[in-house]
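Novice: What follows is a predicted protein model with its sequence.
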Amino acid sequence: MKDRPHPRWPLWLLLALAVAFENVWMWGDSRLVFGVPVNLAYHLGLCLAASAGMAVVVLRAWPDAADR
Amino acid sequence: MVLLVLGAYLALVLAVGLLGHRMFRGTGEDYFLASRSIGPVVLLLTLFGTNMTAYTILGASGEAYRRGVVVFALMGSSTAIVVPFLIYYLGVRSWQLGRRHGHFTQVQLVRRRFGSDALGALLFVVVVALMLPYLLIGVKGGGDALHVLTGGSDGGLPSWVGSLLVCAVTYAYVSYGGMRSTAWVNALQTGVFLLFGIAAYGAVMASQGGIADAMQRLGAEFPGMTDFGSDRFAMLQMASFLMLPLCTGSFPHLYGQWLSARGARSFRLAIVAYPILVAAVWFPSVTLGAVGRLQFPPPLDGPILVQLIVANTGEILAGCLAAGVFAAIMSSLDSQILALGTMFTHDIVRHYGFHGRLAEHRQVWFGRLFVLAFLALAFTCSLVASQSIFALGTWALTGFAGLLPLFAATLFWPRATARGAAASILTVVALWAYFFWDSLRFDGPYSVGGTGLMPVAVIVPAAALSLLVGSLARTDASGRSVS
């Protein structure tokens, strides 16, 4: 049985996260958000976004043949 | 009290390790890969625990003490973004092929894919050479941490005691129970350093008046500590740091853990939850390190995290920190040492000595022998190693990241050839050696030409380009499709 290959579209999600990682527009900002520096809060949010994105990937782009 | 808490923790580790042995089936596949039976929760915790080293707990806070909260982005969120994709693509595919063809190691995968013994031998040498300094970091780090936590130069235990303790406990459960014990102990250890990290964070932040107050004072007294800066150097460095976690896709110890999964679906939890665990460990580590600047002006007398905990909490929490540091060290060391034992048993002894045929009980016997030999070697080296070994260990990550194009092509690119693969490995070796040699001329952090660009950002694209050119330049491809 030929395996269904891994879809490629999750790589676009990786690219989007990589671009969002370089939040250069706010690097100089030292305001606090909920007591945390805004850049740190942004990157915490990025971790959560990565997790949510991967949840979509495993639900919508799982290589079904992988377990067979 | 520190030693009492640490002793209780190590006894618990041994008990869990020995429990894993009760399910041991006596076969090579069970010893090296837990009979490919590890479920989603243990897989997540063991993958995460293996990737989190003592550097995560002590090194990240130390770096945050010097540079501020930007360290979370450089080392934390970069890992949270990249690693789940590596598990999704490389982990699942490696597991699939490993199960189908009975692989134990990356060298077997590459040998089979390209049909080249010489390429396998080249990869074996490079991987082992990169692993050894990385291994040494754990052994030496354990000794140094115990020395500081028991009083440092003021009557603390000599470093070799901690190193010996780390080696002895790790040997006991890795040798006795193989991959199953290693995975179970790693799951426990990951839980321990997550819990102790949160406890330490709560206790220390409370003593600083809460995070909001501490960050406000930090921003006022040390303005650069709460923002990310905005120069070109920082931009290139950020881009480089996004490439460093690629090393995770080439680690032989993570490859072994991928193969130990019960099924491809076991990876799903790890893929989704990994970024959250990264945030849970790195956030306390980085914020505590940065806030430590308010209480301890430089130069520091030991790791900032240790100083904060000893100054602001009781001895019990200091003991818990010691247990957390040992957990981080051993949860990486055990997998690394087992991976080396697996490689020497299967890629050398079984492949060259017995032409692929080696009785199951002998595989286990050889595995245990190599685990003992490497731990003994690492312990002996730790007695004479200088601090520069830590720098070499960090450089090992760059080397592993450079091998990623090779593994990605092995798994996903049918047109890759043995020639392209060899060109890629040799490119990594040549550039790695050049940059390492060049870095010896500098005292501080090294970047390519002082631009902020780290060597990994040059080595990875160069390795990919060599693979591409080497493979396409020769049309009579010697590699076989893996699908």
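Specialist: Received it, and whenever you're ready, just let me know what you need.

Novice: Quick check: chain neighbours aside, which residue is closest to the closest residue to chain A within chain B?
Specialist: With C-beta to the nearest C-beta as the measure, B:Ala212 is the residue of chain B nearest to chain A, at 2.9 Å. Every residue, glycine included, has its C-beta placed from N, CA and C. Spatially, and ignoring its direct neighbours in sequence, B:Ala212 is nearest to A:Gly35 (2.9 Å; C-beta to C-beta, 6 or more residues apart in numbering or on different chains).

Novice: which residues sit in contact with that neighbour?
Specialist: B:210-213, B:215 (C-beta atoms under 8 Å, 6 or more residues apart in numbering or on different chains).

Novice: Taking those residues, tell me the two that lie furthest apart.
Specialist: Distance extremes for the contacts of A:Gly35: the farthest pair is B:Gly210 and B:Met215 at 9.2 Å, using C-beta to C-beta.

Novice: what about the two, which has more around it?
Specialist: When B:Gly210 and B:Met215 are compared for neighbours, B:Met215 comes out ahead with 24 against 12, by other C-beta atoms under 10 Å in any protein chain shown.

Novice: Could you tell me how far that one is located from B:Gly26?
Specialist: Relative to B:Gly26, B:Met215 is positioned 56 Å away (C-beta to C-beta, to the nearest Å).

Novice: hang on, the earlier thing: the residue of chain B closest to chain A: neighbouring residues, count only.
Specialist: B:Ala212: 13 neighbours (other C-beta under 10 Å).

Novice: helix, strand or coil for it?
Specialist: Put simply, B:Ala212 is helix when judged by DSSP: H, G, I helix; E, B strand; the rest coil.

Novice: wait, isn't it in contact with A:Leu32?
Specialist: Yes. Between B:Ala212 and A:Leu32 there is a contact at 6.5 Å, judged by C-beta atoms under 8 Å.

Novice: Got phi/psi on the residue in chain A that chain B sits nearest to?
Specialist: Using C-beta to the nearest C-beta, A:Gly35 is the residue of chain A that sits closest to chain B, at 2.9 Å. The phi/psi pair for A:Gly35 (degrees, to the nearest 10) reads phi 80, psi 0.

Novice: give the contact list for the residue minimising distance to the centre of chain B.
Specialist: Centroid-nearest residue in chain B, with C-alpha atoms, centre = their mean: B:Asn51, separated by 4.0 Å. Taking C-beta under 8 Å, 6+ apart as the contact definition, B:Asn51 lies against B:79, B:83, B:248, B:254, B:332.

Novice: Which pLDDT value belongs to it?
Specialist: pLDDT, B:Asn51: 87.

Novice: and if you look at the one 10 residues further on?
Specialist: Confidence at B:Ser61, expressed as pLDDT, is 87.

Novice: Distance check, it against B:Tyr55.
Specialist: When B:Ser61 is compared with B:Tyr55 (using C-beta to C-beta), they lie 10 Å apart.

Novice: who's more crowded, those two?
Specialist: B:Ser61 (26 against 21).

Novice: leaving aside the residues next to it on the chain, what's closest to the more buried one?
Specialist: Closest to B:Ser61 by C-beta to C-beta, 6+ apart is B:Gly289, at 3.1 Å.

Novice: Let me know the helix or strand that the one you found is in.
Specialist: helix B:267-295 (DSSP states H and E).

Novice: which residues are contacting whatever helix or strand comes next after that helix?
Specialist: Using DSSP H and E, the helix or strand that follows helix B:267-295 towards the C-terminus is helix B:304-312. Applying C-beta under 8 Å, 6+ apart, the contact partners of helix B:304-312 are B:57-58, B:61-62, B:65, B:145, B:148-149, B:200, B:203-204, B:207-208, B:285, B:288-289, B:291-292, B:295-296, B:300-301, B:317-318, B:321.

Novice: do the same with stretch B:20-31
Specialist: By C-beta under 8 Å, 6+ apart, stretch B:20-31 touches B:35-36, B:104, B:173, B:176-185, B:345, B:358, B:360-361, B:363-364, B:367.

Novice: if you set the cut-off to 10 Å instead, what comes out?
Specialist: B:33-37, B:102, B:104, B:173-185, B:259-260, B:338, B:341-342, B:345-346, B:350, B:358-368 (C-beta atoms under 10 Å, 6 or more residues apart in numbering or on different chains).

Novice: Just the buried ones from those residues?
Specialist: B:33-37, B:104, B:173-175, B:177-185, B:259-260, B:338, B:341-342, B:345-346, B:350, B:358, B:363-364, B:366-368 (16 or more other C-beta atoms under 10 Å in any protein chain shown).

Novice: That'll do, ta.
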